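Q: predicted structure and sequence below. I'll ask about it afterward.
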Amino acid sequence: MVNKSGIAKFFRHNTAAYLFLTPWLLGFFVLTLYPMLYSLQLSFTDYDFTQPNSTQWIGLDNYRNMYASVRGETKFTSSTGEEVRVDRYYKKSLEVTFRYVFISVPLKLIVALAVAVLMSQKLRGVSFYRAVYYIPTLLGGSVAIAVLWRKLFEKEGLVNDFLGTLGFADLPSWITNPEYSLYTLILLTVWQFGSSMIIFLAGLKQIPQEYYEAASVDGANKVRQFISITIPLLSPVILFNLIMQIIYAFQSFTQAYIIGGGKGGVLNSTLFYTLHLYIQGWTYHELGYASAMAWILLLIIGGITAVIFISSRWWVSYGTGE
Amino acid sequence: MKNSTLIRHTLTHLFIIALGLIMIYPIVWMIVSSFKPNNMIFSDPGLIPKAVTTDNYISGWKGYAGTTFGTFFINALTICALAIIGNLISCTMAAYAFARLKFTGRGLWFAIMMGTMMLPGHVTLVPRYVMFNTFGWVGSILPLVVPKFLATDAFFVFLLVQFIRSLPKEIEEAAIIDGCGKFGVFLRIVVPLAFPAMVTTALFTFLWTWDDFFNHLLYLTRPDTFTVSRALRTFVGDAGAVNNWGGALAMGTLSIIPAFILFFSLQKYFVQGISTTGLKG
């Protein structure tokens, strides 16, 4: 039973805290929760913000469209029984994004870990080296670097110039060749391994030096020590980096947008999922479809994160040194 | 034994230096090339220019559609300054509540806050755009700035919560015994002590807002409201061709100067920010 003094107590207890939380709560309800629900609703419509009054409820059509695209069909039957053309680039954008994420993230983490291990030795000037290695990460997300990247990997770019002096001839334009263009973006991502490296370095510092000493007394070589001590003790950090980088990589946009000149590049070879979403929503005004795409993206990221979390029971150890 | 360690260390140093040089080469090349005459950027790709000119800076500065890069810099700095103020106020307030105050539903709200950190922004993108469009905000800086006053960057709330939790409680308890209210404790004790974490927040807010392209592309529709990152895109044509490479590289070089200055003057805050929250990038 709540009596009057109980209510008074409740308010005295909570008022200050909720006042401090007011901006965040407002932001959560107005800019996150409501938009999420609204976006879910829009995903079942053909909403176009230039003609909001002609919006129609089209059921699962947006999702059907994506499904048909993944299955490689050219037409699908809409909820009204019409034959509708499939968004044939949806499948392409999924392929490009999956390839990008599952190549760039592991490579980035491997490079970050290798460099972190190298730097965790007691060397002079490590903080300086760390700073230099962080510079690409500091600047890599900027439009300036994306523009520069175009230049480096063009036919007459710096990379071909360098390869030319090594004796290679007939080099392609890496940026505009659909076979290679995605790999220039992957390279750009791997180049920015600085944050992961710093997190690995912090994790490596937590591993007690005695473990390595004991292992070398027992005759374990460096490789053995790395596999049996470093990797298991660092596994929580690897898990953290892996999840953050995957979530982040799925949402990449700027670099592909700039390098493709606002489109998906030659033969849509760099049509990232988010870029396709942007083009559908803001070039073709298919905002209902863009909302549905966003929800599928959320499900994909959520699903992959969940799988990694579940699998971590077998490969992440939270033993000593945590 | 001693000798082999010395050799190994020297080799490691050489390897780290060599790799480091390769890594920063593109950036050094951009800076150097921005001072080369436009027609020599590709015919003379070396690091030591045969001729030095500031023409690229003059031609690039002219900007886009009659608006110079002076305006783009002012626009970007204005948005950054407002974003920093917004994040500092709203995120520190929320963090204080989560870290120190006991209230009904704290666990639930905190879990929700952590959840929003992992939420891809795209699921809120369309409705936010529609909402800002209804308010008549599209084309202004409001969609870029107002969310910051509502603590939408959960990363920073989390960073500040972690930091405030690590502060000794005794000072706050003493202040409460002395008759200081929760707001007094927040303003006079928590804010000054949380200063380092607030610097980290300000720093990353600046960098992300400065480098943000997607939101600027969506919401800044008139050339006179463009930011530096939005304006740099105008050097790249629709098919991806670039006409004024010299200008693009020169303005690109100018655009990275703020990040450089902040990085080298506030290095320890970077490391702190990255290692406590694994800041994206």
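A: Good, I have the coordinates.
Q: checking the residue nearest to A:Asn62 when sequence neighbours are not counted next. Helix, strand or coil?
A: Nearest residue to A:Asn62, sequence neighbours excluded (C-beta to C-beta, 6 or more residues apart in numbering or on different chains): A:Ala292, at 3.6 Å. (Glycine included, C-beta is placed from N, CA and C.) With DSSP: H, G, I helix; E, B strand; the rest coil as the basis, the three-state label of A:Ala292 is helix.
Q: for the closest residue to A:Gly72 other than its chain neighbours, pull up the helix or strand it's in.
A: Counting by C-beta to C-beta, 6+ apart, A:Lys91 is the residue found nearest to A:Gly72 once chain neighbours are left out, at 6.9 Å. Assigned by DSSP states H and E, A:Lys91 belongs to helix A:89-119.
Q: which strands or helices does that helix pack on?
A: On a contact count with 3 or more C-beta pairs under 8 Å, 6 or more residues apart in numbering or on different chains; DSSP states H and E, helix A:89-119 meets helix A:61-70, helix A:126-140, helix A:181-191, helix A:194-205, helix A:231-250, helix A:273-278, helix B:2-33.
Q: deepest-packed of those helices, please.
A: Highest mean neighbour count among those (mean count of other C-beta atoms under 10 Å in any protein chain shown): helix A:273-278, with a mean of 24.
Q: does chain B sit close to that one?
A: Yes - for helix A:273-278 and chain B, the contact criterion (C-beta under 8 Å from any C-beta of the partner chain) is met by A:274, A:277-278.
Q: so which of the helices and strands packed on helix A:89-119 gets nearest B:Leu144?
A: When the helices and strands packed on helix A:89-119 are compared by C-beta to C-beta, helix A:273-278 sits nearest B:Leu144, at 16.7 Å.
Q: count the residues that sit near the residue of the stretch 201-322 of chain A found nearest chain B.
A: Going by C-beta to the nearest C-beta, chain B is nearest to A:Gly261 of the stretch 201-322 of chain A, at 3.2 Å. Neighbour count for A:Gly261, taken as other C-beta atoms under 10 Å in any protein chain shown: 17.
Q: doesn't it fall inside a helix?
A: No - read with three-state DSSP, A:Gly261 is coil and lies in no helix.
Q: ok, it touching B:Val236?
A: Yes - counting by C-beta atoms under 8 Å, B:Val236 is a contact partner of A:Gly261 at 5.5 Å.
Q: helix or strand: which one has B:Ala97?
A: Going by DSSP H and E, B:Ala97 is in helix B:69-100.
Q: show me what secondary structure element comes after that helix.
A: Next along from helix B:69-100, by DSSP H and E: helix B:106-118.
Q: just how off-centre is that following helix within its chain?
A: Centroid displacement of helix B:106-118 relative to its chain, using C-alpha atoms, centre = their mean, to the nearest Å, is 23 Å.
Q: before we move on, the earlier item: pull the contacting residues for the residue nearest to A:Gly72.
A: A:Lys91 makes contacts with A:69-70, A:72, as judged by C-beta atoms under 8 Å, 6 or more residues apart in numbering or on different chains.
Q: from those, pick the one nearest B:Phe72.
A: B:Phe72 lies nearest to A:Ser69 out of those, by C-beta to C-beta, at 38.8 Å.
Q: next, the one residue in the stretch 51-200 of chain A that gets nearest to chain B: phi, psi?
A: Closest approach between the stretch 51-200 of chain A and chain B, counting by C-beta to the nearest C-beta: A:Ala144, at 3.3 Å. Phi and psi for A:Ala144, reported as degrees, to the nearest 10, are phi -60, psi -40.
Q: what does A:Ser173 give?
A: phi -90, psi 110.
Q: let me see the contact set for the residue lying closest to it once chain neighbours are set aside.
A: Distance criterion C-beta to C-beta, 6+ apart; nearest residue to A:Ser173, sequence neighbours excluded, is A:Lys155 at 3.7 Å. Going by C-beta under 8 Å, 6+ apart, A:Lys155 touches A:171-173, A:176.
Q: cool, and A:Asn62?
A: By C-beta under 8 Å, 6+ apart, A:Asn62 lies in contact with A:43-44, A:46, A:288-289, A:291-293.
Q: returning to that earlier point: where does the residue nearest to A:Ser173 sit: helix, strand or coil?
A: Using three-state DSSP, the structure places A:Lys155 in coil.
Q: what's the following helix or strand after the helix or strand harbouring B:Phe155?
A: Assessed by DSSP H and E, B:Phe155 sits inside helix B:154-165. As assigned by DSSP H and E, the chain's next helix or strand after helix B:154-165 is helix B:170-177.
Q: circling back: just the pLDDT for the residue of the stretch 51-200 of chain A closest to chain B.
A: Predicted confidence (pLDDT) for A:Ala144: 95.
Q: do B:Phe264 as well
A: 89.
Q: B:Ala231 now?
A: In this model, B:Ala231 is scored at 95, pLDDT.
Q: need the contact list for it.
A: B:63-64, B:67, B:69, B:72, B:223, B:251.
Q: 10 Å - rerun?
A: A:143, B:60, B:63-65, B:67-69, B:71-73, B:75-76, B:216, B:220, B:223, B:251, B:255 (C-beta atoms under 10 Å, 6 or more residues apart in numbering or on different chains).
Q: using CSV, write out every CA atom in the strand or helix carrying it.
A: If you go by DSSP H and E, B:Ala231 is part of helix B:228-232. Listed next in CSV are the C-alpha coordinates belonging to helix B:228-232 (Å, rounded to 0.1, in the frame of the first residue of the first chain):
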residue,chain,number,x,y,z
VAL,B,228,34.3,21.6,-45.0
SER,B,229,33.7,17.9,-45.4
ARG,B,230,30.5,18.5,-47.4
ALA,B,231,32.3,21.1,-49.6
LEU,B,232,35.3,18.8,-50.3
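Q: distance from the chain centre to the helix or strand that that helix is followed by, please.
A: Counting by DSSP H and E, the next helix or strand C-terminal to helix B:228-232 is helix B:245-265. Relative to its parent chain, helix B:245-265 has a centroid offset of 14 Å by C-alpha atoms, centre = their mean.
Q: for the stretch 101-250 of chain B, which spans come out with low pLDDT?
A: B:239-240 (pLDDT under 70).
Q: how deep is the residue of the stretch 51-200 of chain A closest to chain B tucked in, by neighbour count?
A: Residues lying near A:Ala144 (other C-beta under 10 Å) number 27.
Q: which non-adjacent residue is nearest it?
A: Spatial nearest neighbour of A:Ala144, excluding adjacent residues (C-beta to C-beta, 6+ apart): B:Gly252 at 3.3 Å.
Q: the residue most central in space within chain A: what's it in contact with?
A: Centroid-nearest residue in chain A, with C-alpha atoms, centre = their mean: A:Ala249, separated by 1.7 Å. By C-beta under 10 Å, 6+ apart, A:Ala249 lies in contact with A:97, A:100-105, A:108, A:186, A:189, A:272, A:301, B:280.
Q: so which of the residues you listed is the closest to A:Phe20?
A: Out of the contacts of A:Ala249, the member with the shortest distance to A:Phe20 (by C-beta to C-beta) is B:Lys280, at 26.2 Å.
Q: mind giving me the domain ranges of the chain?
A: If you meant another chain, say so; for now it's chain A. Here the domain parsing of chain A from automatic domain parsing is A:1-42, A:90-142+A:179-315.
Q: my bad, chain B
A: Here the domain parsing of chain B from automatic domain parsing is B:2-59, B:67-277.
Q: deepest-packed of the ones you listed, please.
A: Counting by mean count of other C-beta under 10 Å, domain B:67-277 has the highest mean neighbour count of these, with a mean of 19.
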